[in-house]
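Peer 1: What would the 3D arrangement of this be:
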Amino acid sequence: MFTKILLATDGSDHSVRSTHYATELAEKFGATIGVVYVVDGSTSKTDVLHHTDKFEVKKKRKEKIKKVEDVLQNTGIEYEIHILHGEPGPTIVSFANKNEFDCVVIGSRGLNEFQTFILGSVSHKVAKRVNCPVLIVK
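Peer 2: Residues are numbered from 1 along each chain as shown. Prediction:
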């Protein structure tokens, strides 16, 4: 049923929990997992202004998703990490649709404080616009 699962992450507790669901699906269906972390414009600007070394910026971004990668490394499931730039919702939708993923797994809330007031705006945008089933993990 699912051969390509997209796991959208931002390093939040919700996205770490969604990693466990994505791995369960991948194990059940023999699927691969594409992990996507989207760096928005303001984060990108802050990174550039506060870090002169691009390797330090890359390291900082990898640290954000380290917990997710640690879970995946312990499963034996084939996965690939993609760090993208743009507005998270539309970027995830575009990536999922363009690469023909069979399912998207995403946390219900992210690191953005505003999102605690509504169903995570990123997960809402993804669920509305992506061309495959979406599992929103709370």
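
Peer 1: what mean pLDDT does the helix ranked longest in the chain have?
Peer 2: Longest helix of the chain, by residue count under DSSP state H: helix 13-29. Helix 13-29 shows a mean pLDDT of 94 in the predicted model.

Peer 1: buried sites along whichever helix or strand comes after it?
Peer 2: Sequence order places strand 32-39 as the next helix or strand after helix 13-29, per DSSP states H and E. The neighbour-count check on strand 32-39 (16 or more other CB atoms under 10 Å) flags Ile33, Gly34, Val35, Val36, Tyr37, Val38, Val39 as buried. Quick note: C-beta positions are derived from backbone N, CA and C, even for glycine.

Peer 1: close enough to count as contact, the second one and Glu100?
Peer 2: It stands for Gly34. No: contact criterion CB atoms under 8 Å: Gly34 and Glu100 do not qualify, at 10.7 Å.

Peer 1: Point out where this structure drops to low pLDDT.
Peer 2: Along the chain, segments meeting pLDDT under 70 span 41-54, 57, 109-120.

Peer 1: Do you have the helices of it handy? List them.
Peer 2: Per DSSP H, the chain carries helices over the ranges 13-29, 41-50, 54-64, 66-73, 88-98, 121-129.
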